[in-house]
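here's a sequence, model it:
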Amino acid sequence: MDEVPREVWITGMGIVSCLGEGAEAHWQGFTEGRLNVDREQFAPCMVHPLAPLNLDRQIPKKSDQRQMEGWQRIGTYAAGLALEDAGLKGNAELLARTDMIVAASGGERDRAVDLAIVNKKPKSANPGIFLNETLMSDLRPTLFLAQLSNLLAGNISIVHGVTGSSRTFMGEEAAGVDAVRIAWARIVAGQSDLALVGGSYNGERTDLLVLYSSGGQLLQGPFRPVWERSSSPGIVLGSLGTFLVLEARGHAEERGQKPLARLAGVRSERSSRPASAITASLARMWQQLATERSTARMAIISGATGTEPATSEERTWLKGVELPVRATGSRLGHGFEPQFIMNIALATLVLGHGKLFPAFDSSGLEQPHQGPLNQVAVTSVGHWRGEGIALVEAVK
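Numbering: from 1, shown residues only. Just a heads-up that it's a prediction; the model follows:
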């Protein structure tokens, strides 16, 4: 009989980013201080490009690879890594009971069609008719951008055979926070035993770079770590994918699966963000997690974006809690929906090694830390809206 409340174990993770694929590549990348930033391809914008992947390893059919867009390939690949890590891959009986919660944005633009419209519409005799005819004839029938977020879950189901319930959340950083929070809450409540949770982001897209650049959200000038961008705030987009397998402790023990870590709690908020609202939101969620946390051997992994005032307000809160902190966006870039889930995976990685990776910051916020760790808090402060905190702990 399961304990009450039920423990939620992390029993598998799959991560891909500019540092490579898998846990070991990421640990080496962070400990060696590796930085992979492309300053040329999309100049003057910068991106953290995805490391090369052999897609055949996780998406064996070329036909499946061809029909997916970049962000779908990234996510389907990462999901395969997580299922493999958790000992679920190829187990039809377990995969049929695996619930899936995906955090994803809309589909990628068809750049050729966009350019044709921009170039030809002003010259047409009837611009309205030209636009309608082009959209009807040139766009793929499935290219309804608000719904393409569902296709990642569909591709994971097709390629990997995950056929339990499926949910897809949209909404930038907050989507990733709530994907984990709801998966965790369902397992704690006994509504689920096994869940695949994650998302993906392709930052190497001209349409996204134009979108965020026009909103003044991207870093300008030379590259700097996120805590050092206050004088010229902004995001550096990163291509990344991450999936976690969350599992009830009793279920994992029955099948002999060892935990990577325990997910002790997840909280989320959405403040309207007047001055100091982010600091207050983080403080409230921190207090809600008070019964689960012990700061004696604890660190914080931050999802800070480099935008303002979000980053400065999170920094104010972090100074108040007086714990060692690392912002992974300085190395991976920012991937919006999957960023929080990626950082939970990295917190799991830190606990597995029992120590933090080196600081990457000259502002003074990130300090060297050598002591052992048994808990890591993960923060998410959305560039525009949404706040969240998760607490990850080692399992002895």
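
quick one: pLDDT of residue 278?
Note for residue 278: predicted pLDDT of 96.

same question but for residue 6, I mixed them up
pLDDT, read off for residue 6, is 93.

swap in residue 141?
At residue 141, pLDDT is 52.

same question, residue 136
On the pLDDT scale, residue 136 gets 79.

surely residue 332 touches residue 16?
No - when contacts are counted by C-beta atoms under 8 Å, residue 332 is not listed as touching residue 16 (10.4 Å). No exception for glycine: its C-beta is placed from N, CA and C like everyone else's.

give me the common contacts of the two.
residue 240 (C-beta atoms under 8 Å, 6 or more residues apart in numbering).

thinking residue 188 is in contact with residue 182, fair?
No - using C-beta under 8 Å, residue 188 is not in contact with residue 182; the gap is 10.6 Å.

okay, now the unreliable bits of the stretch 51-200 of the chain?
139-147 (pLDDT under 70).

number of residues surrounding residue 96?
Residues lying near residue 96 (other C-beta atoms under 10 Å) number 11.

got the contact list for the nearest residue to it once chain neighbours are set aside?
Residue nearest to residue 96 in three dimensions, not counting chain neighbours: residue 163, with 5.0 Å by C-beta to C-beta, 6 or more residues apart in numbering. Residues near residue 163 by C-beta under 8 Å, 6+ apart: 95, 96, 98, 157.

quick check: the first one vs residue 241, distance?
Counting by C-beta to C-beta, to the nearest Å, the gap from residue 95 to residue 241 is 19 Å.

using the three-state scheme, assign the residue located most distally from the centre of the chain.
Distance from the centre of the chain peaks at residue 125, with 45.8 Å (C-alpha atoms, centre = their mean). Recorded secondary structure, residue 125: coil (DSSP: H, G, I helix; E, B strand; the rest coil).

quick check: phi and psi on it?
Here is the backbone geometry of residue 125 (degrees, to the nearest 10): phi -70, psi -40.

next one: residue 67
Residue torsions, per degrees, to the nearest 10, at residue 67 are phi -80, psi -10.

contacting residues around it?
Applying C-beta under 8 Å, 6+ apart, no residues contact residue 67.

same deal with residue 270?
Residue 270 touches 174, 385, 386, 387, counting by C-beta under 8 Å, 6+ apart.

rerun at 7 Å
Taking C-beta atoms under 7 Å, 6 or more residues apart in numbering as the criterion, residue 270 is in contact with 174, 385, 386.

could you check how far it is from residue 122?
With C-beta to C-beta as the criterion, residue 270 and residue 122 are 40 Å apart.

over to residue 195?
In terms of C-beta to C-beta, residue 195 sits 50 Å off from residue 122.

tell me how far residue 377 lies from residue 9.
18 Å.

got the contact list for residue 374?
Counting by C-beta under 7 Å, 6+ apart, residue 374 has contacts 297, 393, 394.

partner strands of the helix or strand containing residue 300, with direction?
Residue 300 belongs to strand 298-302 when assigned by DSSP states H and E. Strand 298-302 has its sheet partners listed here by DSSP bridges as strand 325-327 (parallel), strand 375-381 (parallel).

pLDDT of stretch 376-390, averaged?
Per-residue scores along stretch 376-390 average to 97.

how far off centre is the host helix or strand of residue 211?
According to DSSP H and E, residue 211 maps onto helix 206-214. Mean-position distance between helix 206-214 and its chain equals 19 Å (C-alpha atoms, centre = their mean, to the nearest Å).

next: stretch 36-56.
Taking mean C-alpha positions (C-alpha atoms, centre = their mean), stretch 36-56 and its chain are 17 Å apart.

pretty sure residue 252 contacts residue 11?
Yes - counting by C-beta atoms under 7 Å, residue 252 touches residue 11, with 5.3 Å between them.

so what's the residue count around residue 15?
For residue 15, using other C-beta under 10 Å, the count is 29.

again with residue 88
Neighbours around residue 88, by other C-beta under 10 Å: 26.

who's in contact with it?
Per C-beta under 7 Å, 6+ apart, neighbours of residue 88: 12, 94, 95, 98, 245.

wait, residue 9 sits on residue 259?
Yes - taking C-beta under 7 Å as the definition, residue 9 is a contact partner of residue 259 at 3.9 Å.

between these two, which one's more packed in?
Comparing residue 9 with residue 259 by other C-beta under 10 Å, the one with more neighbours is residue 9, at 25 against 19.

quick one: the helices in the stretch 1-150 of the chain?
22-31, 62-67, 70-85, 92-95, 111-120, 127-138, 150-160 (DSSP state H, counting those that start in this stretch).

same list (the ones you listed) but as a markdown table, adding distance to residue 339.
Putting those into a markdown table (distance: least, C-beta to C-beta, whole Å) gives the following:
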| stretch | distance to residue 339 |
| --- | --- |
| helix 22-31 | 14 |
| helix 62-67 | 25 |
| helix 70-85 | 13 |
| helix 92-95 | 27 |
| helix 111-120 | 25 |
| helix 127-138 | 32 |
| helix 150-160 | 16 |
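
between those helices, which gets nearest to residue 222?
helix 22-31 (21.3 Å; C-beta to C-beta).
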